[in-house]
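> Generate a structure from the sequence data that follows.
(one chain, ligands or ions: 2)
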Amino acid sequence: MDDCIFCRIAGGEIPSAKVYEGKRAVAFLDAAPMSKGHLLVVPRAHWKDLAAVPGSGATEEERAAYAEVCDVVRAAARAAVEVFGGGANVLQCTGEEAGQTVGHLHFHVIPRPKGGKVPPEFVSGAYRYADDADRAATAAALRAAIAKAL
Ligand code: 5GP
Ligand code: ZN
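Ligands and ions are numbered 1, 2, ... in the order given. As a prediction, the model looks like this:
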């Protein structure tokens with residue numbers, strides 16, 4: 001994808017502060033970090049978001065690419081803990097409604113140094129189900145959709 005900024009970063013056409021370069025994934029510092037050491041982990045292959053990653057129909061290469069991305073996210077979280085001594089949030093935005101601004105799959109790994117506050121967007125209780133039936137219907141819809149997406 002010639003016009004995709006993360007394809008161009010992965011390919012080395014646009015400079016970035018890379019911290020990992022693998023066969024199928026790269027990781028680099030976010031240009032507008034939420035915290036010190038905020039990283040983005042992206043596949044070299046272009047998928048527009050997490051919902052676009054193929055499931056059981058994936059080729060071996062697609063599976064390997066997704067596996068490498070997940071493994072680098074795991075390693076980046078461990079690195080954030082080791083380097084900054086606190087914790088880390090992993091954030092993935094699928095779709096504009098979720099805040100996605102770059103249409104190439106990426107996972108944010110955001111270090112949360114020791115002594116910092118848990119960011120307000122991660123405090124639970126922002127949504128309340130109307131009643132038990134609403135909760136059960138929501139779970140049923142998601143259960144069916146997950147089974148289809150696997
Ligand atoms: P999103 O909102 O799509 O989940 O996140 C996109 C992220 O990409 C943002 O945090 C933004 O700062 C970062 N970003 C956008 N353009 C560039 C760029 O050219 N280089 C780097 N390193 N990060 C970028
Ligand atoms: Zn791309």
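> from here on, contacts and neighbour counts on C-alpha atoms
Noted.
> and this structure, which of its residues are near ligand 1?
Residues of the chain lying close to ligand 1 (C-alpha under 6 Å from any ligand atom) are Ser16, Leu29, Asp30, Ala31, Ala32, Cys93, Gly99, Gln100, Thr101, Val102.
> Now do the same for His108: helix, strand or coil?
strand (DSSP: H, G, I helix; E, B strand; the rest coil).
> List the residues that contact the residue most central in space within the chain.
Centre of the chain computed as the mean C-alpha position; nearest residue by C-alpha atoms, centre = their mean is Phe107, 2.1 Å away. Counting by C-alpha atoms under 8 Å, 6 or more residues apart in numbering, Phe107 touches Leu40, Val41, Val42, Val73, Val90, Leu91, Gln92, Cys93.
> farthest pair in the residues of the chain next to ligand 1?
Farthest-apart pair in the residues of the chain next to ligand 1 is Ser16 and Gly99; separation 21.9 Å (C-alpha to C-alpha).
> For these two, work out which one has more neighbours and name it.
Comparing Ser16 with Gly99 by other C-alpha atoms under 10 Å, the one with more neighbours is Ser16, at 14 against 10.
> Check whether the more buried one really touches Arg8, as I assumed.
No. Counting by C-alpha atoms under 8 Å, Ser16 sits too far from Arg8 to count as a contact (10.1 Å).
> Near ligand 2, which residues of the protein? Just list them.
Residues of the chain lying close to ligand 2 (C-alpha under 5 Å from the ion) are Cys4, Cys7, His46, His104.
> No more questions from me, cheers.
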